[in-house]
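*Asks:* turn this into a model:
(chains A, B, C and D)
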There are 2 protein chains.
Amino acid sequence: MSVDETDAVEPLSAAGKPLTKRGEATRTRLLEAAEHVFAELGYHEASIVRITERAGIGLGTFYLYFDSKQAIFEALAIDLNRRVRHAMSDEMAGATTRIEAERAGFAGFFRFTAEHPALYRVVRESEYVSPGTMRLHYQRIVEGYEEGLRAAQAEGDVDPGLDPEVTAWTLMGIGELIGMRYLLWERPEGQVPRLPDGVFESVMRVVRNALAPGEERR
Amino acid sequence: MSVDETDAVEPLSAAGKPLTKRGEATRTRLLEAAEHVFAELGYHEASIVRITERAGIGLGTFYLYFDSKQAIFEALAIDLNRRVRHAMSDEMAGATTRIEAERAGFAGFFRFTAEHPALYRVVRESEYVSPGTMRLHYQRIVEGYEEGLRAAQAEGDVDPGLDPEVTAWTLMGIGELIGMRYLLWERPEGQVPRLPDGVFESVMRVVRNALAPGEERR
DNA sequence: CCATAACCTGAATCGGGTTTCAGGTACGCA
DNA sequence: TGCGTACCTGAAACCCGATTCAGGTTATGG
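*Replies:* Numbering: from 1, shown residues only, chains lettered A, B, ... in the order given. Here you go, the predicted model:
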(Lines give C-alpha, C1' and ligand atoms only; values in the text may rest on other atoms or scores of the structure.)
Protein backbone atom coordinates (compact mmCIF):
# COMPACT_ATOMS: atom_id res chain seq x y z
CA MET A 1 0.00 0.00 0.00
CA SER A 2 2.12 2.83 -1.32
CA VAL A 3 1.07 5.84 0.65
CA ASP A 4 4.06 8.08 0.44
CA GLU A 5 4.55 8.44 -3.27
CA THR A 6 1.47 10.55 -3.66
CA ASP A 7 2.21 12.96 -0.89
CA ALA A 8 4.78 15.64 -1.59
CA VAL A 9 4.17 18.33 1.03
CA GLU A 10 5.70 21.78 0.86
CA PRO A 11 3.74 24.69 2.20
CA LEU A 12 3.27 27.60 -0.17
CA SER A 13 1.63 30.99 0.02
CA ALA A 14 -1.36 31.83 -2.15
CA ALA A 15 1.05 33.31 -4.67
CA GLY A 16 3.01 30.07 -4.73
CA LYS A 17 6.08 31.37 -2.92
CA PRO A 18 7.82 29.22 -0.34
CA LEU A 19 7.25 30.25 3.27
CA THR A 20 9.44 31.08 6.21
CA LYS A 21 8.92 29.46 9.61
CA ARG A 22 6.51 32.15 10.65
CA GLY A 23 4.48 31.93 7.48
CA GLU A 24 4.31 28.18 7.67
CA ALA A 25 3.04 28.35 11.23
CA THR A 26 0.30 30.76 10.23
CA ARG A 27 -0.74 28.58 7.36
CA THR A 28 -0.95 25.59 9.64
CA ARG A 29 -3.05 27.50 12.15
CA LEU A 30 -5.44 28.42 9.39
CA LEU A 31 -5.78 24.80 8.30
CA GLU A 32 -6.36 23.66 11.87
CA ALA A 33 -8.98 26.31 12.42
CA ALA A 34 -10.60 25.40 9.13
CA GLU A 35 -10.80 21.75 10.15
CA HIS A 36 -12.86 22.67 13.19
CA VAL A 37 -14.99 25.31 11.59
CA PHE A 38 -15.86 23.31 8.49
CA ALA A 39 -16.56 20.24 10.60
CA GLU A 40 -18.87 22.16 12.87
CA LEU A 41 -20.71 24.31 10.36
CA GLY A 42 -20.25 22.82 6.93
CA TYR A 43 -18.87 24.73 3.99
CA HIS A 44 -21.54 27.32 3.45
CA GLU A 45 -22.26 28.23 7.04
CA ALA A 46 -18.58 28.48 7.72
CA SER A 47 -17.09 31.88 7.02
CA ILE A 48 -13.60 33.16 6.51
CA VAL A 49 -14.07 35.48 9.45
CA ARG A 50 -14.79 32.56 11.73
CA ILE A 51 -11.79 30.66 10.53
CA THR A 52 -9.44 33.60 10.97
CA GLU A 53 -10.93 34.44 14.35
CA ARG A 54 -10.46 30.89 15.54
CA ALA A 55 -6.92 30.97 14.23
CA GLY A 56 -6.35 34.29 15.98
CA ILE A 57 -5.39 35.97 12.75
CA GLY A 58 -6.54 39.02 10.84
CA LEU A 59 -9.15 38.58 8.14
CA GLY A 60 -6.98 39.95 5.37
CA THR A 61 -4.16 37.60 6.24
CA PHE A 62 -6.20 34.69 5.05
CA TYR A 63 -5.71 35.68 1.44
CA LEU A 64 -1.96 35.61 1.77
CA TYR A 65 -2.19 31.87 2.21
CA PHE A 66 -5.19 30.74 0.23
CA ASP A 67 -6.76 32.10 -2.92
CA SER A 68 -10.29 31.58 -1.75
CA LYS A 69 -12.58 29.80 0.62
CA GLN A 70 -12.77 26.92 -1.81
CA ALA A 71 -8.99 26.69 -1.96
CA ILE A 72 -8.56 26.15 1.77
CA PHE A 73 -11.39 23.66 1.72
CA GLU A 74 -9.63 21.65 -0.96
CA ALA A 75 -6.31 21.88 0.80
CA LEU A 76 -7.95 20.60 3.95
CA ALA A 77 -9.62 17.73 2.13
CA ILE A 78 -6.35 16.64 0.61
CA ASP A 79 -4.61 16.93 3.95
CA LEU A 80 -7.23 14.80 5.69
CA ASN A 81 -7.04 12.23 2.93
CA ARG A 82 -3.30 11.96 3.35
CA ARG A 83 -3.60 11.64 7.08
CA VAL A 84 -6.29 8.97 7.06
CA ARG A 85 -4.35 6.88 4.59
CA HIS A 86 -1.30 7.12 6.77
CA ALA A 87 -3.34 6.19 9.82
CA MET A 88 -4.55 3.08 8.01
CA SER A 89 -1.23 1.98 6.58
CA ASP A 90 0.59 2.57 9.87
CA GLU A 91 -1.86 0.31 11.58
CA MET A 92 -1.57 -2.34 8.88
CA ALA A 93 2.20 -2.41 8.97
CA GLY A 94 2.60 -5.55 11.05
CA ALA A 95 -0.17 -7.66 9.56
CA THR A 96 0.73 -10.97 7.98
CA THR A 97 -2.54 -12.33 6.60
CA ARG A 98 -5.03 -10.35 4.59
CA ILE A 99 -7.71 -10.61 7.20
CA GLU A 100 -5.32 -9.28 9.82
CA ALA A 101 -4.53 -6.43 7.47
CA GLU A 102 -8.23 -5.72 6.99
CA ARG A 103 -8.84 -5.70 10.70
CA ALA A 104 -5.94 -3.33 11.25
CA GLY A 105 -6.94 -1.10 8.35
CA PHE A 106 -10.51 -0.81 9.56
CA ALA A 107 -9.34 -0.16 13.11
CA GLY A 108 -7.08 2.62 11.86
CA PHE A 109 -9.84 4.10 9.77
CA PHE A 110 -12.34 4.06 12.62
CA ARG A 111 -9.84 5.52 15.05
CA PHE A 112 -9.05 8.36 12.69
CA THR A 113 -12.72 8.99 12.03
CA ALA A 114 -13.44 9.12 15.74
CA GLU A 115 -10.66 11.61 16.31
CA HIS A 116 -11.29 13.67 13.21
CA PRO A 117 -14.96 13.94 12.40
CA ALA A 118 -13.93 16.61 9.93
CA LEU A 119 -12.86 13.82 7.61
CA TYR A 120 -16.44 12.90 6.88
CA ARG A 121 -17.87 16.36 6.90
CA VAL A 122 -15.26 17.66 4.53
CA VAL A 123 -14.91 14.72 2.19
CA ARG A 124 -18.61 14.18 1.81
CA GLU A 125 -19.30 17.83 1.30
CA SER A 126 -16.47 18.12 -1.21
CA GLU A 127 -18.84 16.37 -3.58
CA TYR A 128 -20.64 19.69 -3.83
CA VAL A 129 -17.78 22.09 -3.38
CA SER A 130 -15.06 20.45 -5.40
CA PRO A 131 -16.07 17.18 -7.01
CA GLY A 132 -12.62 16.38 -8.32
CA THR A 133 -11.26 16.44 -4.80
CA MET A 134 -13.82 13.96 -3.60
CA ARG A 135 -13.03 11.54 -6.37
CA LEU A 136 -9.37 11.85 -5.61
CA HIS A 137 -10.05 10.93 -2.02
CA TYR A 138 -11.92 7.76 -2.77
CA GLN A 139 -9.68 6.76 -5.63
CA ARG A 140 -6.52 7.10 -3.60
CA ILE A 141 -7.93 4.86 -0.92
CA VAL A 142 -9.27 2.29 -3.33
CA GLU A 143 -6.01 2.09 -5.22
CA GLY A 144 -4.02 0.69 -2.35
CA TYR A 145 -6.91 -1.49 -1.33
CA GLU A 146 -7.24 -3.09 -4.70
CA GLU A 147 -3.55 -3.80 -4.86
CA GLY A 148 -3.65 -5.47 -1.46
CA LEU A 149 -6.60 -7.63 -2.42
CA ARG A 150 -4.97 -8.75 -5.61
CA ALA A 151 -1.83 -9.77 -3.76
CA ALA A 152 -3.90 -11.61 -1.15
CA GLN A 153 -5.71 -13.49 -3.88
CA ALA A 154 -2.38 -14.65 -5.24
CA GLU A 155 -1.52 -15.88 -1.76
CA GLY A 156 -4.79 -17.75 -1.47
CA ASP A 157 -5.95 -15.51 1.38
CA VAL A 158 -8.94 -14.12 -0.50
CA ASP A 159 -11.69 -15.67 -2.61
CA PRO A 160 -10.20 -15.70 -6.12
CA GLY A 161 -13.65 -15.23 -7.62
CA LEU A 162 -13.91 -11.65 -6.35
CA ASP A 163 -13.16 -8.69 -8.55
CA PRO A 164 -10.54 -6.69 -6.67
CA GLU A 165 -11.70 -3.27 -7.81
CA VAL A 166 -15.36 -3.82 -7.08
CA THR A 167 -14.53 -5.52 -3.82
CA ALA A 168 -12.37 -2.60 -2.76
CA TRP A 169 -15.31 -0.27 -3.31
CA THR A 170 -17.64 -2.49 -1.32
CA LEU A 171 -15.23 -2.58 1.61
CA MET A 172 -14.84 1.15 1.52
CA GLY A 173 -18.59 1.49 1.51
CA ILE A 174 -18.83 -0.69 4.59
CA GLY A 175 -16.32 1.44 6.46
CA GLU A 176 -17.98 4.64 5.39
CA LEU A 177 -21.48 3.88 6.55
CA ILE A 178 -20.46 2.08 9.74
CA GLY A 179 -18.26 5.02 10.69
CA MET A 180 -21.02 7.46 9.95
CA ARG A 181 -23.63 5.55 11.90
CA TYR A 182 -21.68 4.52 14.96
CA LEU A 183 -19.04 7.22 15.27
CA LEU A 184 -20.60 10.39 13.97
CA TRP A 185 -24.21 9.94 14.91
CA GLU A 186 -23.53 8.94 18.46
CA ARG A 187 -21.01 11.34 19.72
CA PRO A 188 -20.75 11.54 23.52
CA GLU A 189 -20.74 15.23 24.37
CA GLY A 190 -17.31 16.51 23.46
CA GLN A 191 -15.58 13.15 23.90
CA VAL A 192 -13.81 11.12 21.26
CA PRO A 193 -16.22 8.25 20.61
CA ARG A 194 -15.22 4.65 20.22
CA LEU A 195 -16.81 1.99 18.07
CA PRO A 196 -18.50 -0.50 20.44
CA ASP A 197 -16.54 -3.75 20.39
CA GLY A 198 -19.58 -5.68 19.37
CA VAL A 199 -20.02 -3.49 16.34
CA PHE A 200 -16.43 -3.77 15.31
CA GLU A 201 -16.49 -7.53 15.60
CA SER A 202 -19.72 -7.74 13.65
CA VAL A 203 -18.27 -5.68 10.87
CA MET A 204 -15.18 -7.82 10.77
CA ARG A 205 -17.29 -10.92 10.57
CA VAL A 206 -19.04 -9.55 7.50
CA VAL A 207 -15.69 -8.67 5.98
CA ARG A 208 -14.18 -12.03 6.80
CA ASN A 209 -17.15 -13.82 5.27
CA ALA A 210 -17.02 -11.64 2.21
CA LEU A 211 -13.35 -12.25 1.50
CA ALA A 212 -12.79 -15.78 2.73
CA PRO A 213 -11.84 -18.26 0.04
CA GLY A 214 -13.41 -21.72 -0.01
CA GLU A 215 -15.52 -22.93 2.86
CA GLU A 216 -13.81 -21.70 6.02
CA ARG A 217 -16.03 -19.99 8.55
CA ARG A 218 -16.08 -20.04 12.29
CA MET B 1 -40.51 -5.12 4.58
CA SER B 2 -43.28 -2.75 5.51
CA VAL B 3 -42.94 0.17 3.18
CA ASP B 4 -46.41 1.61 3.16
CA GLU B 5 -47.04 2.25 6.82
CA THR B 6 -44.58 5.09 6.91
CA ASP B 7 -45.88 6.91 3.89
CA ALA B 8 -49.04 8.89 4.30
CA VAL B 9 -49.10 11.34 1.40
CA GLU B 10 -51.48 14.26 1.17
CA PRO B 11 -50.30 17.41 -0.55
CA LEU B 12 -50.63 20.61 1.42
CA SER B 13 -49.91 24.27 0.79
CA ALA B 14 -47.28 26.11 2.80
CA ALA B 15 -50.03 27.21 5.14
CA GLY B 16 -51.08 23.62 5.67
CA LYS B 17 -54.36 23.85 3.74
CA PRO B 18 -55.43 21.02 1.49
CA LEU B 19 -55.13 21.72 -2.23
CA THR B 20 -57.41 21.60 -5.23
CA LYS B 21 -56.46 19.74 -8.38
CA ARG B 22 -54.82 22.83 -9.80
CA GLY B 23 -52.83 23.52 -6.67
CA GLU B 24 -51.70 19.95 -6.40
CA ALA B 25 -50.47 19.99 -9.97
CA THR B 26 -48.45 23.13 -9.34
CA ARG B 27 -46.92 21.66 -6.23
CA THR B 28 -45.93 18.56 -8.14
CA ARG B 29 -44.36 20.63 -10.91
CA LEU B 30 -42.32 22.46 -8.32
CA LEU B 31 -41.08 19.21 -6.81
CA GLU B 32 -40.17 17.82 -10.21
CA ALA B 33 -38.32 20.96 -11.16
CA ALA B 34 -36.57 20.92 -7.80
CA GLU B 35 -35.42 17.36 -8.36
CA HIS B 36 -33.63 18.36 -11.53
CA VAL B 37 -32.28 21.65 -10.33
CA PHE B 38 -30.95 20.35 -7.01
CA ALA B 39 -29.45 17.33 -8.73
CA GLU B 40 -27.68 19.47 -11.27
CA LEU B 41 -26.48 22.31 -9.10
CA GLY B 42 -26.58 21.20 -5.49
CA TYR B 43 -28.46 23.02 -2.77
CA HIS B 44 -26.56 26.26 -2.60
CA GLU B 45 -26.03 26.87 -6.29
CA ALA B 46 -29.64 26.08 -6.93
CA SER B 47 -31.97 29.04 -6.63
CA ILE B 48 -35.67 29.43 -6.21
CA VAL B 49 -35.77 31.42 -9.41
CA ARG B 50 -34.30 28.52 -11.34
CA ILE B 51 -36.75 26.09 -9.85
CA THR B 52 -39.75 28.25 -10.60
CA GLU B 53 -38.49 29.02 -14.09
CA ARG B 54 -38.03 25.35 -14.82
CA ALA B 55 -41.50 24.68 -13.46
CA GLY B 56 -42.87 27.50 -15.61
CA ILE B 57 -44.26 29.28 -12.58
CA GLY B 58 -43.93 32.74 -11.10
CA LEU B 59 -41.35 33.31 -8.39
CA GLY B 60 -43.82 34.43 -5.77
CA THR B 61 -45.94 31.34 -6.29
CA PHE B 62 -43.25 29.22 -4.78
CA TYR B 63 -44.01 30.49 -1.31
CA LEU B 64 -47.62 29.43 -1.57
CA TYR B 65 -46.44 25.83 -1.54
CA PHE B 66 -43.27 25.75 0.50
CA ASP B 67 -42.15 27.85 3.42
CA SER B 68 -38.59 28.11 2.27
CA LYS B 69 -35.89 26.71 0.08
CA GLN B 70 -35.00 24.29 2.84
CA ALA B 71 -38.59 23.13 3.10
CA ILE B 72 -38.82 22.04 -0.53
CA PHE B 73 -35.46 20.38 -0.23
CA GLU B 74 -36.68 18.33 2.69
CA ALA B 75 -39.92 17.49 0.99
CA LEU B 76 -37.96 16.30 -2.01
CA ALA B 77 -35.62 14.19 0.11
CA ILE B 78 -38.54 12.49 1.81
CA ASP B 79 -40.26 11.92 -1.50
CA LEU B 80 -37.16 10.33 -3.02
CA ASN B 81 -36.72 8.16 0.03
CA ARG B 82 -40.25 6.90 -0.29
CA ARG B 83 -39.83 6.20 -3.96
CA VAL B 84 -36.55 4.32 -3.67
CA ARG B 85 -37.92 2.12 -0.92
CA HIS B 86 -40.90 1.30 -3.07
CA ALA B 87 -38.63 0.56 -6.01
CA MET B 88 -36.70 -1.88 -3.87
CA SER B 89 -39.63 -3.60 -2.27
CA ASP B 90 -41.50 -3.92 -5.56
CA GLU B 91 -38.52 -5.67 -7.04
CA MET B 92 -38.14 -7.95 -4.03
CA ALA B 93 -41.78 -9.00 -4.06
CA GLY B 94 -41.33 -12.37 -5.75
CA ALA B 95 -38.13 -13.50 -4.05
CA THR B 96 -38.18 -16.73 -2.07
CA THR B 97 -34.69 -17.01 -0.61
CA ARG B 98 -32.82 -14.23 1.13
CA ILE B 99 -30.12 -14.10 -1.47
CA GLU B 100 -32.73 -13.75 -4.19
CA ALA B 101 -34.27 -10.95 -2.20
CA GLU B 102 -30.88 -9.25 -1.86
CA ARG B 103 -30.25 -9.52 -5.55
CA ALA B 104 -33.64 -8.05 -6.33
CA GLY B 105 -33.30 -5.31 -3.75
CA PHE B 106 -29.89 -4.26 -5.02
CA ALA B 107 -31.14 -4.36 -8.60
CA GLY B 108 -34.06 -2.13 -7.67
CA PHE B 109 -31.82 0.25 -5.82
CA PHE B 110 -29.35 0.49 -8.69
CA ARG B 111 -32.09 0.97 -11.23
CA PHE B 112 -33.62 3.76 -9.23
CA THR B 113 -30.25 5.39 -8.71
CA ALA B 114 -29.53 5.26 -12.41
CA GLU B 115 -32.85 6.85 -13.23
CA HIS B 116 -32.83 9.36 -10.42
CA PRO B 117 -29.37 10.68 -9.71
CA ALA B 118 -31.08 13.27 -7.58
CA LEU B 119 -31.44 10.60 -4.91
CA TYR B 120 -27.74 10.73 -4.13
CA ARG B 121 -27.25 14.41 -4.59
CA VAL B 122 -30.15 15.27 -2.37
CA VAL B 123 -29.76 12.65 0.31
CA ARG B 124 -26.05 13.13 0.71
CA GLU B 125 -26.34 16.87 0.76
CA SER B 126 -29.16 16.73 3.25
CA GLU B 127 -26.46 15.96 5.78
CA TYR B 128 -25.58 19.63 5.58
CA VAL B 129 -28.95 21.14 4.89
CA SER B 130 -31.19 19.11 7.15
CA PRO B 131 -29.38 16.42 9.14
CA GLY B 132 -32.52 14.93 10.59
CA THR B 133 -33.82 14.22 7.11
CA MET B 134 -30.68 12.34 6.18
CA ARG B 135 -30.88 10.14 9.23
CA LEU B 136 -34.48 9.41 8.50
CA HIS B 137 -33.54 8.29 5.03
CA TYR B 138 -30.93 5.81 6.14
CA GLN B 139 -32.89 4.62 9.12
CA ARG B 140 -35.98 3.89 7.12
CA ILE B 141 -34.01 1.79 4.70
CA VAL B 142 -32.09 -0.04 7.38
CA GLU B 143 -35.22 -0.86 9.33
CA GLY B 144 -36.72 -3.05 6.69
CA TYR B 145 -33.38 -4.51 5.89
CA GLU B 146 -32.69 -5.55 9.42
CA GLU B 147 -36.07 -7.16 9.74
CA GLY B 148 -35.48 -9.15 6.57
CA LEU B 149 -32.10 -10.36 7.74
CA ARG B 150 -33.45 -11.49 11.07
CA ALA B 151 -36.17 -13.49 9.40
CA ALA B 152 -33.66 -15.00 7.00
CA GLN B 153 -31.48 -16.05 9.91
CA ALA B 154 -34.43 -17.83 11.43
CA GLU B 155 -34.89 -19.66 8.12
CA GLY B 156 -31.23 -20.64 8.03
CA ASP B 157 -30.64 -18.55 4.92
CA VAL B 158 -28.15 -16.21 6.57
CA ASP B 159 -25.13 -16.74 8.81
CA PRO B 160 -26.61 -16.72 12.32
CA GLY B 161 -23.43 -15.21 13.70
CA LEU B 162 -24.09 -11.85 12.01
CA ASP B 163 -25.61 -8.94 13.85
CA PRO B 164 -28.62 -7.91 11.79
CA GLU B 165 -28.40 -4.21 12.49
CA VAL B 166 -24.70 -3.89 11.78
CA THR B 167 -25.02 -6.12 8.75
CA ALA B 168 -27.84 -4.01 7.39
CA TRP B 169 -25.60 -0.96 7.60
CA THR B 170 -22.75 -2.72 5.84
CA LEU B 171 -25.02 -3.77 2.99
CA MET B 172 -26.34 -0.29 2.64
CA GLY B 173 -22.79 1.00 2.54
CA ILE B 174 -21.98 -1.39 -0.25
CA GLY B 175 -24.92 -0.23 -2.31
CA GLU B 176 -24.16 3.39 -1.67
CA LEU B 177 -20.56 3.43 -2.79
CA ILE B 178 -21.04 1.06 -5.71
CA GLY B 179 -23.90 3.20 -6.98
CA MET B 180 -21.86 6.33 -6.59
CA ARG B 181 -18.82 4.95 -8.33
CA TYR B 182 -20.40 3.07 -11.21
CA LEU B 183 -23.64 4.93 -11.80
CA LEU B 184 -22.96 8.54 -10.92
CA TRP B 185 -19.34 8.94 -11.86
CA GLU B 186 -19.68 7.37 -15.26
CA ARG B 187 -22.70 8.86 -16.76
CA PRO B 188 -22.97 8.52 -20.55
CA GLU B 189 -23.93 11.96 -21.85
CA GLY B 190 -27.58 12.40 -21.05
CA GLN B 191 -28.36 8.67 -21.04
CA VAL B 192 -29.61 6.62 -18.15
CA PRO B 193 -26.55 4.56 -17.18
CA ARG B 194 -26.61 0.89 -16.33
CA LEU B 195 -24.40 -0.99 -13.91
CA PRO B 196 -22.10 -3.21 -15.97
CA ASP B 197 -23.15 -6.85 -15.52
CA GLY B 198 -19.71 -7.77 -14.31
CA VAL B 199 -19.91 -5.20 -11.58
CA PHE B 200 -23.33 -6.26 -10.47
CA GLU B 201 -22.29 -9.90 -10.32
CA SER B 202 -19.15 -9.03 -8.41
CA VAL B 203 -21.14 -7.08 -5.86
CA MET B 204 -23.56 -9.93 -5.46
CA ARG B 205 -20.71 -12.32 -4.91
CA VAL B 206 -19.45 -10.19 -2.07
CA VAL B 207 -22.93 -10.02 -0.63
CA ARG B 208 -23.51 -13.73 -1.00
CA ASN B 209 -20.22 -14.52 0.68
CA ALA B 210 -20.94 -12.08 3.46
CA LEU B 211 -24.34 -13.52 4.30
CA ALA B 212 -23.96 -17.20 3.51
CA PRO B 213 -24.28 -19.50 6.51
CA GLY B 214 -21.87 -22.41 6.93
CA GLU B 215 -19.53 -23.40 4.17
CA GLU B 216 -21.49 -22.99 0.95
CA ARG B 217 -19.81 -21.04 -1.81
CA ARG B 218 -19.90 -21.44 -5.57
C1' DC C 1 20.67 49.74 14.18
C1' DC C 2 19.04 50.29 9.63
C1' DA C 3 17.10 48.37 5.34
C1' DT C 4 14.27 45.37 3.20
C1' DA C 5 11.70 41.53 2.77
C1' DA C 6 8.05 38.94 4.65
C1' DC C 7 4.11 39.22 7.04
C1' DC C 8 -0.17 41.22 8.99
C1' DT C 9 -4.65 44.08 9.30
C1' DG C 10 -9.91 45.13 9.07
C1' DA C 11 -13.03 48.63 7.04
C1' DA C 12 -15.29 49.05 2.84
C1' DT C 13 -16.71 47.20 -1.59
C1' DC C 14 -19.45 44.23 -4.23
C1' DG C 15 -22.42 40.71 -5.83
C1' DG C 16 -26.07 37.52 -5.28
C1' DG C 17 -30.10 35.21 -3.74
C1' DT C 18 -34.17 34.56 -0.40
C1' DT C 19 -38.32 36.28 0.95
C1' DT C 20 -42.11 39.73 1.08
C1' DC C 21 -45.91 42.20 -0.66
C1' DA C 22 -49.43 44.72 -3.08
C1' DG C 23 -51.99 43.68 -6.42
C1' DG C 24 -53.80 40.85 -10.32
C1' DT C 25 -56.11 36.33 -12.71
C1' DA C 26 -58.70 31.83 -13.32
C1' DC C 27 -62.05 28.73 -11.89
C1' DG C 28 -66.59 26.98 -10.45
C1' DC C 29 -70.82 27.27 -8.37
C1' DA C 30 -75.38 29.76 -7.55
C1' DT D 1 -73.33 36.05 -15.33
C1' DG D 2 -71.76 37.42 -11.12
C1' DC D 3 -68.87 36.68 -7.08
C1' DG D 4 -65.84 34.43 -3.79
C1' DT D 5 -62.11 31.49 -3.30
C1' DA D 6 -57.93 29.67 -4.66
C1' DC D 7 -54.05 30.76 -7.27
C1' DC D 8 -50.59 33.47 -9.43
C1' DT D 9 -47.02 37.30 -10.21
C1' DG D 10 -42.27 39.70 -10.25
C1' DA D 11 -40.16 43.98 -8.64
C1' DA D 12 -37.90 45.46 -4.67
C1' DA D 13 -36.44 45.10 0.17
C1' DC D 14 -33.23 42.92 2.80
C1' DC D 15 -29.40 40.25 4.46
C1' DC D 16 -24.79 38.32 4.33
C1' DG D 17 -20.30 37.18 3.61
C1' DA D 18 -16.17 36.71 0.15
C1' DT D 19 -12.65 39.44 -1.44
C1' DT D 20 -9.80 43.75 -2.01
C1' DC D 21 -6.71 47.27 -0.74
C1' DA D 22 -3.97 50.92 1.24
C1' DG D 23 -1.25 50.97 4.59
C1' DG D 24 1.01 49.13 9.20
C1' DT D 25 4.27 45.67 11.83
C1' DT D 26 7.91 42.18 12.65
C1' DA D 27 12.08 39.66 11.66
C1' DT D 28 16.84 39.28 9.99
C1' DG D 29 21.34 39.88 8.35
C1' DG D 30 24.88 43.04 7.18
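
*Asks:* helix or strand for A:G132, which one?
*Replies:* helix A:131-155 (DSSP states H and E).

*Asks:* for that helix, name the packing helices and strands.
*Replies:* Applying 3 or more C-beta pairs under 8 Å, 6 or more residues apart in numbering or on different chains; DSSP states H and E, one finds that helix A:131-155 makes contact with helix A:69-92, helix A:98-115, helix A:118-129, helix A:164-179. Any C-beta I mention is one placed from the backbone N, CA and C, and that applies to glycine too.

*Asks:* and A:E10, that's in a helix?
*Replies:* No. Applying DSSP: H, G, I helix; E, B strand; the rest coil, one finds A:E10 to be coil, outside a helix.

*Asks:* correct me if wrong: it contacts A:P18.
*Replies:* Yes. Using C-beta atoms under 8 Å, A:E10 is in contact with A:P18, at 7.1 Å.

*Asks:* just the buried residues of the helix holding A:G132, please?
*Replies:* Buried positions in helix A:131-155, judged by neighbour count with 16 or more other C-beta atoms under 10 Å in any protein chain shown: A:133-134, A:136-138, A:140-146, A:148-150, A:152-153.

*Asks:* ditto for stretch A:42-50
*Replies:* A:G42, A:Y43, A:A46, A:I48, A:R50.

*Asks:* in a markdown table: those residues, plus pLDDT.
*Replies:* Listed next are the buried residues of stretch A:42-50 as a markdown table, based on pLDDT from 0 to 100:
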| residue | pLDDT |
| --- | --- |
| A:G42 | 92 |
| A:Y43 | 93 |
| A:A46 | 94 |
| A:I48 | 96 |
| A:R50 | 95 |
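
*Asks:* just give me the closest of these to chain B.
*Replies:* Closest approach to chain B among these (C-beta to the nearest C-beta): A:G42, at 4.3 Å.

*Asks:* surely the closest one and A:R121 touch.
*Replies:* Yes. Proximity of A:G42 to A:R121 meets the contact threshold set by C-beta under 8 Å, at 6.6 Å.

*Asks:* wait, what's in contact with A:L177?
*Replies:* Counting by C-beta atoms under 8 Å, 6 or more residues apart in numbering or on different chains, A:L177 makes contact with B:Y138, B:W169, B:T170, B:M172, B:G173, B:E176.

*Asks:* for it, which non-adjacent residue is closest in space?
*Replies:* Of all residues beyond its chain neighbours, the one nearest A:L177 is B:G173 (3.3 Å), with distances taken as C-beta to C-beta, 6 or more residues apart in numbering or on different chains.

*Asks:* and if you look at A:D159?
*Replies:* A:P213 (4.6 Å).

*Asks:* which residues does that neighbour contact?
*Replies:* So A:P213 contacts A:G156, A:D157, A:V158, A:D159, A:P160 (C-beta under 8 Å, 6+ apart).

*Asks:* please apply the same query to A:T167.
*Replies:* A:E146, A:L149, A:A210, A:L211, B:S202, B:V206.

*Asks:* let me know the angle separating the helix or strand containing A:G198 from helix A:131-155.
*Replies:* In this assignment (DSSP H and E), A:G198 forms part of helix A:197-211. Going by axes from the mean of the first three to the mean of the last three C-alpha atoms, to 10 degrees, helix A:197-211 is angled at 70 degrees with respect to helix A:131-155.

*Asks:* centre of the chain to helix A:197-211, how far?
*Replies:* For helix A:197-211, the separation from the chain centroid amounts to 20 Å (computed by C-alpha atoms, centre = their mean, to the nearest Å).

*Asks:* and for stretch A:68-80?
*Replies:* The answer for stretch A:68-80 is 13 Å, by C-alpha atoms, centre = their mean.

*Asks:* ditto for stretch A:163-178
*Replies:* 14 Å.

*Asks:* of all the residues in chain A, which one is nearest DNA strand C?
*Replies:* Residue nearest to DNA strand C within chain A: A:G60 (1.4 Å; C-beta to the nearest atom of the strand).

*Asks:* deepest in the core, which of the helices and strands packed on helix A:131-155 is it.
*Replies:* For the helices and strands packed on helix A:131-155, the largest average neighbour count (mean count of other C-beta atoms under 10 Å in any protein chain shown) is found in helix A:164-179, namely a mean of 24.

*Asks:* and the average pLDDT for that one is what?
*Replies:* If you average the pLDDT over helix A:164-179, you get 98.

*Asks:* what's the distance between the nearest residue to A:A87 once chain neighbours are set aside and A:N81?
*Replies:* In this structure, A:A87 finds its nearest non-sequential neighbour in A:F112, 4.1 Å apart by C-beta to C-beta, 6+ apart. Remark: distance between A:F112 and A:N81 (C-beta to C-beta, to the nearest Å) = 11 Å.

*Asks:* poorly predicted segments of chain A, please.
*Replies:* Scanning chain A for pLDDT under 70 picks out the ranges A:1-5, A:9, A:215-218.

*Asks:* for it, list the residues in contact with DNA strand C, please.
*Replies:* Chain A comes close to DNA strand C at residues A:13, A:17, A:19-20, A:22-23, A:26, A:57-61, A:63-64, as judged by C-beta under 7 Å from any atom of the strand.
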